[in-house]
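Q: I need the structure of the sequence given here:
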Amino acid sequence: MPESPRSPSKGATQIDPVDLTRALIRCPSVTPAEGGALDLLEETLSGLGFACHRLKFSAPETPDVDNLYARWGTSGRNFCYAGHTDVVPVGDPADWSVDPFAAQIVGEEVIGRGAVDMKGSIGAFIAAAAGFLDERPKGIEGSISLLITGDEEGPAINGTRKVLDWLSEKGERLDACLVGEPTSDARLGDTVKIGRRGSVSGKLSVKGIQGHVAYPQLADNPIHHLVRMLDAVTGPALDQGSDHFPPSSLQVTSIDVGNPTGNLIPAKATAAFNVRFNDRHTGEAVIAWVRARFEQALEAGGGGRYDLETRISGQSFLCPPGPLSDLVSRAVESVTGAAPTLGTTGGTSDARFIKDHCPIVELGLLNATAHQVDERVSLAELRDLSAIYRAVLEGYFTP
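A: All right, here's what the predicted structure looks like:
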């Protein structure tokens, strides 16, 4: 268990979410580089009385990754905030209107890589926790923790999953978790996520017989087989959705033949695709469905040969509406004046690992500029999100 924290003196621990967000953006923590971001958080959280643990994990053929687990308190219910300091590359810096790691304020917005995904959320939560604890110099009945990884935008092998394993080995328990991914669509707090779709990626390679286009009877065109096979999985729907999920979706992301001439039937054609599936399926069932449709298409077209490589990056999951989502929804409404929608859309997140340990919800900033050039967040939204997080803590720890 972490060492007992010191109680900060009242008035000494106020943190501005804008200032902390800008300081984090200035750390060039492109996956898997730590970039100084975790150093900054460790220093900040230690100053607030959190017991901090830096955790570096390794695995073959993957980069080493730094992570941070920090906890205020040693007993009672443990409310955890989960996030990541790693960011995606900026692309061509010349495309940005400002230095992507300068955290420049333009008008009423901070521009920089990670502003939305998700250094702004981390800054907002730490500011909320600091203010919440500052108002309670005698402490609280329970614990507040942060699980921060540097591997969410990467392979997600040496990050959150291994931190959770470490916590289990140490006897640490999480009782509730708020993941700070950017979930808002049109306005701050309009969506609270209580689950995520699963994801299957596939690479289809169809083999044929090369030949002259004037003598197709002497060849076997793999493109024709490929087209029939893709039509077999893009035409029919996997499902019509479920109570909390939209319909599953299969999208073809690439078709490649590599044929340099127009009078040659190629020997091979490949395609890539991704399936985002809801809680009516498992990843294994989706793969079986795809393979069965491919086989049917080939049989109907007279046969053919193919290879299929698949990877499940996450299963679909749902944390049904309950006390935690109710608490977060009330906090959003208390600050914004409007209740959020409980949703499950978007990509995968580290919530897919945490949901096996405790109830989770996800709530963060507007996602419109995440991963984009000139990623940005308004100063008002940072402060409002911090106020929402503060209301969540007050509601969770109020008897």
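Q: which one is the most centrally placed residue in the chain nearest to, not counting chain neighbours?
A: Nearest residue to the geometric centre of the chain (C-alpha atoms, centre = their mean): S349, 2.7 Å. Counting by C-beta to C-beta, 6 or more residues apart in numbering, S349 lies nearest to E181, which is 4.9 Å off, once chain neighbours are set aside. C-beta here means a position set from N, CA and C on the backbone, and glycine is covered the same way.
Q: how close does that neighbour get to T345?
A: Counting by C-beta to C-beta, to the nearest Å, the separation of E181 from T345 is 12 Å.
Q: P216 too?
A: Going from P216 to T345 by C-beta to C-beta gives 45 Å.
Q: So for those two, which sits in the more crowded spot?
A: More crowded of P216 and T345, by other C-beta atoms under 10 Å: T345, with 15 against 12.
Q: my guess is the more buried one meets G195, correct?
A: No: between T345 and G195 there is no contact under C-beta atoms under 8 Å: 9.6 Å.
Q: List the pairing partners of the strand or helix carrying C80 within its sheet, with orientation.
A: C80 is located in strand 78-84, with elements delineated by DSSP states H and E. Strand pairing for strand 78-84, using DSSP bridges, gives strand 143-149 (parallel), strand 176-179 (parallel).
Q: Now do the longest one, average pLDDT.
A: If I follow you right, that is strand 143-149. Taken as a whole, strand 143-149 has a mean pLDDT of 98.
Q: Renumber starting at 20 from here on
A: From this message on, residue numbering opens at 20, which makes the last subject strand 162-168.
Q: CA atoms only: put it into PDB for me.
A: Provided in PDB are the C-alpha atoms of strand 162-168 (Å, rounded to 0.1, in the frame of the first residue of the first chain):
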ATOM      1  CA  SER A 162      -8.700   7.500  -1.400                       C
ATOM      2  CA  ILE A 163      -8.200   9.300  -4.700                       C
ATOM      3  CA  SER A 164      -5.800   7.800  -7.200                       C
ATOM      4  CA  LEU A 165      -4.500   8.500 -10.700                       C
ATOM      5  CA  LEU A 166      -3.400   5.800 -13.200                       C
ATOM      6  CA  ILE A 167      -1.500   7.500 -16.000                       C
ATOM      7  CA  THR A 168       0.100   5.600 -18.800                       C
END
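Q: How far off centre is it?
A: Distance of strand 162-168 from the chain centroid (C-alpha atoms, centre = their mean, to the nearest Å) equals 16 Å.
Q: Mind listing residues that contact it?
A: 57, 60, 64, 69, 84, 86-105, 141, 144-145, 148, 151-152, 178-179, 182-183, 193, 196, 369, 373, 412 (C-beta atoms under 8 Å, 6 or more residues apart in numbering).
Q: anything in contact with each of E200 and T364?
A: Shared contacts of E200 and T364, defined by C-beta under 8 Å, 6+ apart, are found at K212.
Q: can you give me the strands in the stretch 120-269 of the chain?
A: Ranges of strands within the stretch 120-269 of the chain are 123-125, 128-130, 162-168, 195-198, 210-212, 214-215, 217-226, 230-231, 268-275, based on DSSP state E, counting those that start in this stretch.
Q: now those strands as TSV including mean neighbour count and distance to L404?
A: Output for the strands of the stretch 120-269 of the chain, formatted as TSV (neighbours: other C-beta atoms under 10 Å; distance: least, C-beta to C-beta, whole Å):
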stretch	mean neighbour count	distance to L404
strand 123-125	14	17
strand 128-130	22	13
strand 162-168	26	15
strand 195-198	25	11
strand 210-212	24	12
strand 214-215	26	20
strand 217-226	20	27
strand 230-231	14	61
strand 268-275	13	29
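Q: of the ones you listed, which approaches D262 most closely?
A: strand 214-215 (10.6 Å; C-beta to C-beta).
Q: The closest one - contacts with which helices or strands?
A: On a contact count with 3 or more C-beta pairs under 8 Å, 6 or more residues apart in numbering; DSSP states H and E, strand 214-215 meets strand 336-337.
Q: The strand it packs on pairs with which strands, parallel or anti?
A: Partners of strand 336-337 in the sheet, by DSSP bridges, are strand 214-215 (antiparallel).
Q: average pLDDT for the partner strand?
A: Per-residue scores along strand 214-215 average to 95.
Q: How far off centre is that strand?
A: Centre-to-centre, strand 214-215 and its host chain are 10 Å apart (C-alpha atoms, centre = their mean).
Q: Output the below-cut-off pLDDT ranges for the protein.
A: Low-confidence segments of the chain (pLDDT under 70): 20-32.
Q: Can you give me the buried ones in stretch 229-241?
A: In terms of neighbour count (16 or more other C-beta atoms under 10 Å), stretch 229-241 has its buried residues at 230, 238-241.
Q: pretty sure V309 contacts N293?
A: No: if you go by C-beta under 8 Å, V309 and N293 don't touch, sitting 11.1 Å apart.
Q: Which of these two has more residues huddled nearby?
A: Neighbour count, other C-beta under 10 Å: between V309 and N293, V309 has more, with 22 against 15.
Q: Counting neighbours, what do you get for P340?
A: 14.
Q: Phi and psi next, for the residue lying closest to it once chain neighbours are set aside.
A: Nearest residue to P340 in three dimensions, chain neighbours excluded: L361, at 5.9 Å (C-beta to C-beta, 6+ apart). When quoted as degrees, to the nearest 10, the phi and psi of L361 stand at phi -90, psi 120.
Q: wait, doesn't L361 sit right on D345?
A: No: proximity of L361 to D345 does not meet the contact threshold set by C-beta under 8 Å, at 9.8 Å.
Q: higher neighbour count, the two?
A: Neighbours per residue, other C-beta under 10 Å: of L361 and D345, the larger number sits with L361, 19 against 13.
Q: who's that one bridged to?
A: V211.
Q: Ok, I167 next?
A: As for beta bridges, I167 partners with L87, G102 under DSSP bridges.
Q: Distance from the helix or strand harbouring R41 to the middle of the chain?
A: In this structure, R41 sits in helix 36-44 according to DSSP H and E. Relative to its parent chain, helix 36-44 has a centroid offset of 20 Å by C-alpha atoms, centre = their mean.
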